[in-house]
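1. Predicted coordinates and the sequence they were generated for:
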Amino acid sequence: MCGIAGIIHRNGPSNLGRELTAMLQSMKHRGPDSTGFALYGSGGEGIVLRIKLADPRERGAIDWEESLERRLHEIENRLAKVGAGVTEVDRTTDYAVRAVLDFRGDLKSLVDHVEDIAGCEILSAGHSLEIVKDLGDANEVAGDYGLAGFRGTHGIGHVRMATESDVDIAGAHPYWAYPFSDVAVVHNGQLTNYHQWRRRLERMGHRFASECDSEIIAVYLAEKLDQGTSLETAIKESLDDLDGVFTYVVVTKDSLGVAKDEMAAKPLVLYESEDMVALASEEVAIRAVIDHEIETYDPYEREALVWTL
């Protein structure tokens, strides 16, 4: 079933971590297996990496901590080799790291250098994007990663009910559009031409970290944006190119967009005011962050909407 949510503040940063946590926790019944956040802070010149050092299900192995320390040391060595100056490293959990880099080179080369280390996966990379996802409900994940104090302008989130793959971090949403900076997607539904588009994007040189169709959407849109297409146009073109029953939400460094397929079977509710937009699979999620009476509406079939900062 799954649940998706998004929020954008037009007048500057807000308590984004708390807001998305409240929205996603209110939809725990839609997805109890994992929770994910794509958060956009103030940004800067540096590159922010969110890195998974290992699968938490391996915890308890004899050399668990020693192995993680080796991987973290190797990450720092490899970043140095590609000319990335590490300005900050935070071990957010025993198997997850947040690193801030002074880096002006090719993002793909940097990411590939790190992910060549066995067990390591970069969950997001960008000047303002930070993806946090893990097993458990929104309160648990937000607590483990200290998201209560995260201030930002916009973000999206997802609660997942595993139906076609394992309950693990690899299957959790959101998905970063590797190797493009600051693009991420959450999605409720299914693409029926997933394999066709995966092969097509792989022939263009892209690689994928999962078997999830949401990752296809993220890379598809990011590729369009990289070619100079506007986000609104890219979303509209996706409604012709991507088959299936789906609702997705995409975020970039300065925008939030949403699309519904021609059947509009997957739910989405929208609230919009002069200073903010909030959307979710259920109205209860929007009411979790707005303490006054509101009016919401449902987007139409083949709707493509974009809001910018």
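-> Perfect, I can see it now.
2. from here on, contacts and neighbour counts on C-alpha atoms
-> Will do.
3. So the closest residue to residue 257 other than its chain neighbours versus residue 274, what's the distance?
-> Once flanking residues are discounted, residue 257 sits nearest to residue 306: 4.2 Å by Cα to Cα, 6 or more residues apart in numbering. Applying Cα to Cα, to the nearest Å, one obtains 14 Å for the distance of residue 306 from residue 274.
4. who's more crowded, those two?
-> A direct count of neighbours by other Cα atoms under 10 Å for residue 306 and residue 274 places residue 306 higher, at 16 against 8.
5. Surely that one is within a strand?
-> Yes: with DSSP: H, G, I helix; E, B strand; the rest coil as the criterion, residue 306 is assigned to a strand.
6. isn't it right next to residue 259, touching?
-> No: Residue 306 is not in contact with residue 259 according to Cα atoms under 8 Å; the separation is 9.1 Å.
7. Could you tell me how far the nearest residue to residue 108 once chain neighbours are set aside is located from residue 200?
-> Of all residues not flanking residue 108 in the chain, residue 179 sits nearest, at 5.3 Å (Cα to Cα, 6+ apart). In this structure, residue 179 and residue 200 are separated by 16 Å, where distance is defined by Cα to Cα.
8. ok, now residue 147?
-> Taking Cα to Cα as the measure, residue 147 falls 37 Å from residue 200.
9. List every C-alpha atom in stretch 188-208, with coordinates, as CSV.
-> Below are the C-alpha coordinates for stretch 188-208, written out as CSV (Å, rounded to 0.1, in the frame of the first residue of the first chain):
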residue,chain,number,x,y,z
ASN,A,188,3.2,4.8,-4.7
GLY,A,189,2.2,2.4,-7.4
GLN,A,190,3.8,0.2,-10.1
LEU,A,191,5.5,0.8,-13.5
THR,A,192,4.5,-1.9,-16.0
ASN,A,193,7.3,-0.9,-18.4
TYR,A,194,9.9,-0.8,-15.7
HIS,A,195,12.3,-3.3,-17.4
GLN,A,196,12.1,-1.5,-20.8
TRP,A,197,13.1,1.8,-19.2
ARG,A,198,15.8,0.3,-17.0
ARG,A,199,17.4,-1.3,-20.0
ARG,A,200,17.1,2.0,-21.9
LEU,A,201,18.7,4.0,-19.1
GLU,A,202,21.4,1.4,-18.6
ARG,A,203,22.3,1.7,-22.2
MET,A,204,22.8,5.5,-21.6
GLY,A,205,25.4,4.6,-18.9
HIS,A,206,23.2,4.7,-15.8
ARG,A,207,23.4,2.1,-13.0
PHE,A,208,20.9,1.3,-10.3
